[in-house]
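Asks: Provide a 3D model corresponding to the input given below.
(one chain, ligands or ions: 1)
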Amino acid sequence: MSTDPINLDAALASIDALWSPRIVTQVNDYDVRIAKVAGDFVWHSHEDTDEFFLVLDGELDIALRPDGTAERTVRLSRGDVFVVPRGVEHRPSSAAGASILLFEPTGTVNTGDRHDDLPSHIASTTGQALDG
Ligand code: NI
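Replies: As a prediction, this is how the structure comes out:
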């Protein structure tokens, strides 16, 4: 982990792959991850952890299926934060593309503990090092 300051714009500029989170730094046992996204992710849920989103650029939609209630979608714009509660099925998507920051326990799998069949453009990962 770097002991120097990390510039998020420079970090984002080093990423080509979509839906491929990079670990920027760690805080106690949490990762700060960034990702570039476009199109649809996959429906999934994290049984044991909430998931924090901050939109750095663009717009991110998060479709949610809370237990026993109707599906709804929240739209996040640059500077918006949102937390998906543990156990709630969700599917991030971005029609025009977005850059996002995630804050979640180290080891959290991006596709959750349960997920729909993975399309070819999505891989399950706990995040890669920024320079990896
Ligand atoms: Ni998630």
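
Asks: got the buried residues for stretch 90-103?
Replies: By 16 or more other C-beta atoms under 10 Å, the buried positions in stretch 90-103 come out as 90, 91, 92, 93, 94, 98, 99, 100, 101, 102, 103. Any C-beta I mention is one placed from the backbone N, CA and C, and that applies to glycine too.

Asks: Adding pLDDT and distance to residue 37, write these out as CSV.
Replies: Formatted as CSV, the buried residues of stretch 90-103 follow (pLDDT from 0 to 100; distance: C-beta to C-beta, whole Å):
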residue, pLDDT, distance to residue 37
90, 97, 13
91, 97, 11
92, 98, 6
93, 98, 8
94, 98, 5
98, 98, 5
99, 98, 8
100, 98, 6
101, 98, 11
102, 98, 11
103, 97, 16
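
Asks: counting contacts, what elements does the one helix or strand residue 83 maps to pack onto?
Replies: With secondary structure defined by DSSP states H and E, residue 83 is part of strand 81-84. If you count contacts as 3 or more C-beta pairs under 8 Å, 6 or more residues apart in numbering; DSSP states H and E, strand 81-84 packs onto strand 51-58, strand 60-65.
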